[in-house]
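>>> any chance you could fold what I've pasted below:
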Amino acid sequence: MSPAEPKRQYTLRGVPADVDCALRRQAQAEGRSLNEVALDALRRGAGVPDAVAYDDLDGLIGSWQEDAAVEQTLARQDEVDPELLL
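Below is the predicted model of the structure:
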């Protein structure tokens, strides 16, 4: 579903106590709303891929590897092109 599409509202009845407990426990542990956690569970259960589940770069933290060629290239970006100097 794209962001422009209207969202639908569901009312679920008969949610088993163990499912309710698990969803609430997960929501509290992750500091998220019960609704968000339930929607994620529905997505996974329905086989819908996490298209935009995470829109940050947290997964890359600590993964940088030193590379001399990259460092040289980055350093060149700090150089001023003499033709642009007045």
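>>> do a quick rundown of the helices in the protein.
Using DSSP state H, the helices of the chain run over residues 17-30, 34-46, 68-76.
>>> any chance you could list what contacts the first one?
Applying C-beta atoms under 8 Å, 6 or more residues apart in numbering, the set of residues contacting helix 17-30 from outside is 32-34, 36-38, 41. C-beta: built from backbone N, CA, C; applies to glycine.
>>> still on that earlier bit, redo the helices of the chain as JSON lines? Include mean neighbour count and distance to residue 61.
Formatted as JSON lines, the helices of the chain follow (neighbours: other C-beta atoms under 10 Å; distance: least, C-beta to C-beta, whole Å):
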{"stretch": "helix 17-30", "mean neighbour count": "12", "distance to residue 61": "18"}
{"stretch": "helix 34-46", "mean neighbour count": "13", "distance to residue 61": "22"}
{"stretch": "helix 68-76", "mean neighbour count": "9", "distance to residue 61": "18"}
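>>> for these, which one sits closest to residue 59?
Closest approach to residue 59 among those (C-beta to C-beta): helix 17-30, 15.6 Å.
>>> as a whole number, average confidence for the closest one?
For helix 17-30, the mean pLDDT works out to 97.
>>> mind checking how far it is from the chain centre?
Mean-position distance between helix 17-30 and its chain equals 20 Å (C-alpha atoms, centre = their mean, to the nearest Å).
>>> stretch 71-80 now?
Counting by C-alpha atoms, centre = their mean, stretch 71-80 is centred 31 Å from the centre of its parent chain.
>>> what of stretch 60-68?
For stretch 60-68, the distance to the chain centre is 20 Å (C-alpha atoms, centre = their mean).
>>> do stretch 30-42 as well
Its chain's C-alpha centre and that of stretch 30-42 lie 13 Å apart, by C-alpha atoms, centre = their mean.
>>> just to revisit the earlier point, nearest to residue 5 among the helices of the chain would be which one?
helix 34-46 (14.6 Å).
>>> about what we covered before: any chance of the helices of the chain in TSV, plus distance to residue 83?
Shown next, in TSV, are the helices of the chain (distance: least, C-beta to C-beta, whole Å):
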stretch	distance to residue 83
helix 17-30	53
helix 34-46	53
helix 68-76	15
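>>> thanks again, I'm all set now.
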